[in-house]
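Trainee: just the structure for this:
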Amino acid sequence: MKKKLLNVFAAMLLTLPMMAFDPPMMGWSTWNTFALKINEQLIRNQADAMVKTGLEKVGYQYINIDDGYWDGRGDDNQLHVNTQIFPSGMRALSDYIHHLGLKAGIYSDAGDNSCGSGNMQSWGMNVGLYHHEKEDCELYFNKWNYDFIKVDYCGGVHLGLNSRDRYTSIHQAILATGRKNVKLNLCYGAYQGTWVSSVGDSWRVTNDIYCDWYSSRSIPSIIKECLYISAYTGGGHYSDMDMLEIGRTLSHDEEITHFGIWCMWSSPLIIGCDLTTIPEFSLNLLKNQELIAINQDRLGLMAPVIDRKNEVYVFAKDLKKLHGPQRAVAVTNLSEDSQQMTLDLGKAGFEGSVKVRDAVNHQDLPNQTTSFNVSIPAHGTQVFILTGRRNQPIRYEAETAWLKEYQELNPAADNAHYMPNEIASQGELVRFLGNRPTNYMEWRNVYVKKSGTYNLTIGYISPDARQFTLSVNNKQARQLQATNTVSTNSVGTCSTKVYFRKGFNTVRLSNDKDWAPDIDYMDITSN
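Mentor: Reported below is the predicted structural model:
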């Protein structure tokens with residue numbers, strides 16, 4: 001009887017709807033086009049344009065005021081607003097934005113001075129949240145009634161502060177206001193560590209974007225910088241690749257790549273152009289509901305790289321349901337010439353006949369089986385919705401795994417991180433794994449169709465004989481041995497048999513005391 005009740009309870013759990021997370025933010029910000037040259041009327045005009053263009057109807061909600069609205073802080077420690085450019089005050093402006101059915105966003109710094117002040121101009125000196133979290137959060141979210149805050153870190157760098165301590169303190173101060181669902185963006189410019197998802201709704205992972213394809217801060221450089229951080233987006237918390245440069249000076253193909261990849265990666269979609277003069281092509285792209293649906297999908301995943309040929313990358317992610325029948329796939333060409341890429345449907349996660357939908361051009365394409373060729377213009381991207389029967393994955397690349405101590409603030413630190421290697425499976429592997437209990441890696445969604453024993457093979461590169469521990473679902477721990485592969489310039493393998501339960505499993509690799517080998521991939525095959 002007890003076993004029967006447990007089976008009934010398990011069946012009930014399977015019928016419950018998936019937990020709903022807030023999707024990535026969609027909106028507009030002052031910074032990209034107007035920087036510090038902002039005023040009250042300009043922002044009202046942009047809010048009006050958000051509604052008139054129909055952007056609000058497809059999901060864009062936030063009107064965000066970035067740096068440049070202050071006039072210093074008084075002797076009483078209260079923030080002063082520049083009344084010459086905001087004569088009605090900040091509450092009147094948020095009321096206006098809310099009256100249009102939109103949400104209002106504001107800006108501050110985790111340290112003392114704002115980024116725009118250059119640490120020299122009096123209006124931006126000592127306006128940051130440092131030592132003022134309680135009163136400033138009360139001002140921003142209760143008195144002024146804003147719904148979002150972007151918190152920069154120029155003042156934090158200026159004072160040499162610890163970013164984890166600062167952002168955690170600010171997060172706690174926001175909670176203490178009693179306001180529900182205030183969104184917090186941690187604007188540091190690099191991935192700070194796995195702790196960020198417990199503090200921020202989103203976090204910047206790159207330096208400020210620049211509207212020039214060939215700049216070191218533009219679309220290709222940001223894409224390349226973020227290729228291997230897909231494991232850290234999820235649960236309603238998102239990596240932020242910075243604001244959109246669409247509607248400014250990029251070509252049409254470049255804009256499609258920009259928007260398509262930001263959607264594939266579940267990055268916040270914050271428009272940065274002048275909405276009152278936005279070109280028709282750019283507006284239609286920003287309103288593409290098929291691409292928006294990929295960004296706003298309830299799983300909130302960031303698509304990892306599943307294939308690569310030189311400067312052409314293929315990304316894929318599940319939609320609506322993990323290992324469900326539908327996936328979004330993007331093929332991106334960052335090179336200077338048009339390219340042909342064979343889209344391998346097996347690598348994309350399918351078997352049998354697959355329905356293909358062109359999400360950019362809203363067209364159904366012929367069904368495909370094993371693969372099909374994709375033509376991509378220079379700087380361009382094609383985005384597809386694939387629907388069909390899913391296969392059981394065999395290969396899990398190391399660069400898709402979650403690393404407990406991964407961070408980008410200190411590249412010289414001896415924490416596990418992703419590293420290019422020309423002989424690795426897709427040209428990337430995980431280095432500096434182990435040497436302590438907390439420096440481990442995990443594949444968290446290892447899927448099998450049936451419970452049972454499977455062959456598990458780890459591909460690695462190692463300069464000498466090394467050991468590491470493998471465990472499945474926090475059980476079945478066993479030691480695996482790696483040998484020297486550097487002398488042969490090859491990828492070595494070691495194998496074992498493990499039991500997987502039907503559905504999703506977690507595989508962890510670790511070494512509590514010594515360094516593990518560099519990890520290239522994991523293969524799962526039937527016994």
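
Trainee: you'd agree Asn32 is up against Ile246?
Mentor: No. Look at Asn32 against Ile246 with CB atoms under 8 Å: they stay out of range, at 9.8 Å. The way it works is simple: take the backbone N, C-alpha and C, and place the C-beta from them, glycine included.

Trainee: common neighbours of the two, please.
Mentor: Gly272, Cys273 (CB atoms under 8 Å, 6 or more residues apart in numbering).

Trainee: domain map for this structure?
Mentor: Domains of the chain are assigned by automatic domain parsing as 26-295, 305-390, 395-526.

Trainee: looking at these, which is buried most?
Mentor: domain 26-295 (a mean of 19; mean count of other CB atoms under 10 Å).

Trainee: now Ala49: phi and psi?
Mentor: Note on Ala49: its backbone torsions stand at phi -70, psi -30 [degrees, to the nearest 10].

Trainee: need the contact list for it.
Mentor: Neighbours of Ala49 in contact, by CB under 8 Å, 6+ apart: Leu275, Thr276, Ile278.

Trainee: for Phe34, phi and psi?
Mentor: The phi/psi pair for Phe34 (degrees, to the nearest 10) is phi -110, psi -20.

Trainee: over to Glu135?
Mentor: Dihedral angles (degrees, to the nearest 10) for Glu135: phi -70, psi -40.

Trainee: in a markdown table, list the contacts of Ala49 along with distance to Leu227.
Mentor: Converted to a markdown table, the contacts of Ala49 look like this (distance: CB to CB, whole Å):
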| residue | distance to Leu227 |
| --- | --- |
| Leu275 | 31 |
| Thr276 | 36 |
| Ile278 | 30 |
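
Trainee: okay if I get those as CSV plus pLDDT, secondary structure and distance to Pro377?
Mentor: Listed next are the contacts of Ala49 as CSV, based on pLDDT from 0 to 100; DSSP: H, G, I helix; E, B strand; the rest coil; distance: CB to CB, whole Å:
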residue, pLDDT, secondary structure, distance to Pro377
Leu275, 98, coil, 27
Thr276, 98, coil, 30
Ile278, 98, coil, 23
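
Trainee: closest one of these to Ala47?
Mentor: Comparing the contacts of Ala49 against Ala47 with CB to CB places Leu275 closest, at 8.8 Å.

Trainee: leaving out sequence neighbours, find the closest residue to that closest one.
Mentor: Ala49 (3.7 Å; CB to CB, 6 or more residues apart in numbering).

Trainee: for Asn527, same thing?
Mentor: Thr453 (4.7 Å).

Trainee: give me phi/psi at the residue nearest in space to the middle of the chain?
Mentor: Nearest to the geometric centre of the chain sits Ser239, at 2.9 Å (CA atoms, centre = their mean). With angles defined as degrees, to the nearest 10, Ser239 sits at phi -70, psi 130.

Trainee: give me the beta-bridge partners of it?
Mentor: Trp203 (DSSP bridges).

Trainee: mind listing what it touches?
Mentor: Counting by CB under 8 Å, 6+ apart, the residues that Ser239 touches are Tyr191, Ser202, Trp203, Val205, Cys226, Ile229, Tyr232, Thr233, Trp265, Ser266, Ser267, Met302.

Trainee: so the first one sits against Pro411, correct?
Mentor: No. Distance between Tyr191 and Pro411: 11.3 Å, which falls outside the contact criterion (CB under 8 Å).

Trainee: what ranges do the helices span in the protein?
Mentor: 2-15, 31-34, 40-52, 90-99, 133-138, 154-159, 163-176, 219-225, 252-264, 280-286, 289-295 (DSSP state H).

Trainee: can you redo those helices as JSON lines with mean pLDDT and distance to Ser108?
Mentor: Shown next, in JSON lines, are the helices of the chain (pLDDT from 0 to 100; distance: least, CB to CB, whole Å):
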{"stretch": "helix 2-15", "mean pLDDT": "36", "distance to Ser108": "42"}
{"stretch": "helix 31-34", "mean pLDDT": "97", "distance to Ser108": "14"}
{"stretch": "helix 40-52", "mean pLDDT": "98", "distance to Ser108": "17"}
{"stretch": "helix 90-99", "mean pLDDT": "98", "distance to Ser108": "12"}
{"stretch": "helix 133-138", "mean pLDDT": "98", "distance to Ser108": "7"}
{"stretch": "helix 154-159", "mean pLDDT": "94", "distance to Ser108": "9"}
{"stretch": "helix 163-176", "mean pLDDT": "98", "distance to Ser108": "8"}
{"stretch": "helix 219-225", "mean pLDDT": "96", "distance to Ser108": "24"}
{"stretch": "helix 252-264", "mean pLDDT": "98", "distance to Ser108": "24"}
{"stretch": "helix 280-286", "mean pLDDT": "98", "distance to Ser108": "27"}
{"stretch": "helix 289-295", "mean pLDDT": "98", "distance to Ser108": "26"}
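
Trainee: closest to Ile458 out of those helices?
Mentor: With CB to CB as the yardstick, what comes closest out of those is helix 219-225 (26.7 Å).

Trainee: re earlier: in JSON lines: the helices of the chain, plus distance to Leu334.
Mentor: Listed next are these as JSON lines, based on distance: least, CB to CB, whole Å:
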{"stretch": "helix 2-15", "distance to Leu334": "42"}
{"stretch": "helix 31-34", "distance to Leu334": "22"}
{"stretch": "helix 40-52", "distance to Leu334": "31"}
{"stretch": "helix 90-99", "distance to Leu334": "37"}
{"stretch": "helix 133-138", "distance to Leu334": "41"}
{"stretch": "helix 154-159", "distance to Leu334": "30"}
{"stretch": "helix 163-176", "distance to Leu334": "30"}
{"stretch": "helix 219-225", "distance to Leu334": "5"}
{"stretch": "helix 252-264", "distance to Leu334": "8"}
{"stretch": "helix 280-286", "distance to Leu334": "19"}
{"stretch": "helix 289-295", "distance to Leu334": "19"}
